[in-house]
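A.B. asks: fold the following and give me the result.
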Amino acid sequence: MVAPAFEYVATGSYDEAVRLLADGGDEEKILAGGQSLMQMLNLRLAHPELLIDINMADEGQPSVADGMLRLPALTRHRVLLEHDLVRRHCPLLAEAVRHVGNVRVRNRGTVGGSLAHADPTSEIGSCALATGAHVAVRGPDGDRTVPVSELFVSYWTTALAESEIITDVLIPVGRPRQGWSFHEMVRRTSDFAIVAVAAMVELNERADTIAATRVALAGVADRVTLAGQELLTGLTGSTGGEAADAAAARIAGSLEPSADVHASGDYRRRLVRVLTARALREAYAHAAGAAA
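C.D. replies: Numbers count the residues shown, from 1 in each chain. Below is the predicted model of the structure:
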């Protein structure tokens, strides 16, 4: 397949990109890493009149300030995998990125582009939810911050206005009594996840039982989604184990994933139960090890 004809503009700033989006109406697309967009263009699933390349808009590196890990939106997946600050302050994300695509995708794909694309099977999206991340957004009316829990709306749809661009991703830095885990099932290496689970666990002050838990799921709905806290209450005061298995069963039972050519809804529920139990047990083990 060949992409439809379009006009191309390379911009050197987010402000200029926002202006181009605002002036052009709704027939523009932003090009960051292009690992999803180019496929959509070639399959004629997207028909932009103008392609706005923002790759020169920001060459910043990850940094830490005020308890937040700041990732410029154009941070490549490869950097997330290798950068010391990411590995130290958000090991969940560094681990999950290992499962994204292949080496070519990781060399070009960007963290902001992944979140803006809003793929319901997204590894990065599930990690952003599990860690309580926010995105910094720029539009014609200025800057604002959006919790990732409010960003995803439906399949490949976000709460961003038509002329807004993600400029940074802000993730709370990990704390000493926190643990993490990421698991996914794919049909073959570099495929989209059939189901993915990202789990965060925080221990109490004595570091002997669970005080708080967050579990994010991909591949089970029209967006990456957080498990309801009411499904996780049984974990509080526990050390994982059977409580993790019970919570995983409750989460799986609350879902109604659709079937497709890759898996039935029942199979996806079974995967959620198995992978969530595994992730919760591992997250507790990581937290206990970090506290020790």
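
A.B. asks: pLDDT-wise, which helix or strand of the protein ranks last?
C.D. replies: helix 37-42 (a mean of 74; mean pLDDT, DSSP states H and E).

A.B. asks: who are the packing partners of the helix or strand just after that helix?
C.D. replies: On the C-terminal side of helix 37-42, the closest following helix or strand by DSSP states H and E is strand 50-53. Counting contacts by 3 or more Cβ pairs under 8 Å, 6 or more residues apart in numbering; DSSP states H and E, strand 50-53 packs against strand 7-10, helix 14-24, strand 28-31. All C-beta atoms are positioned from the backbone trio N, CA, C, and that covers glycine.

A.B. asks: can you say which of those is packed in most?
C.D. replies: strand 28-31 (a mean of 20; mean count of other Cβ atoms under 10 Å).

A.B. asks: what does that one rub up against?
C.D. replies: Taking contacts as Cβ atoms under 8 Å, 6 or more residues apart in numbering, the residues outside strand 28-31 that touch it are 17, 20-21, 37, 46, 48-55, 113, 116, 165.

A.B. asks: now the buried members of those residues.
C.D. replies: Buried by 16 or more other Cβ atoms under 10 Å: 17, 20-21, 37, 46, 48, 50-55, 113, 116, 165, out of these.

A.B. asks: so where's this protein uncertain?
C.D. replies: 1, 25-26, 291-292 (pLDDT under 70).

A.B. asks: now do 80
C.D. replies: Residues of the chain that meet the criterion pLDDT under 80 lie in 1-4, 24-26, 34-47, 59, 190, 290-292.

A.B. asks: where along it do the strands fall?
C.D. replies: Applying DSSP state E to the chain gives strands spanning 7-10, 28-31, 50-53, 63-65, 68-72, 134-139, 142-147, 152-154, 157-158, 165-172, 178-185, 195-203, 210-218, 225-226.

A.B. asks: tell me the contacts of Thr236?
C.D. replies: Here Thr236 is in contact with 209-213 (Cβ under 8 Å, 6+ apart).

A.B. asks: where's the most centrally placed residue in the chain relative to Ile210, distance?
C.D. replies: Nearest to the geometric centre of the chain sits Gly125, at 1.5 Å (Cα atoms, centre = their mean). Distance, Gly125 to Ile210, by Cβ to Cβ, to the nearest Å: 24 Å.

A.B. asks: from the contacts of Thr236, which is closest to Arg70?
C.D. replies: Lowest distance from Arg70 to those (Cβ to Cβ) belongs to Ala212, with 23.4 Å.

A.B. asks: good, wrapping up.
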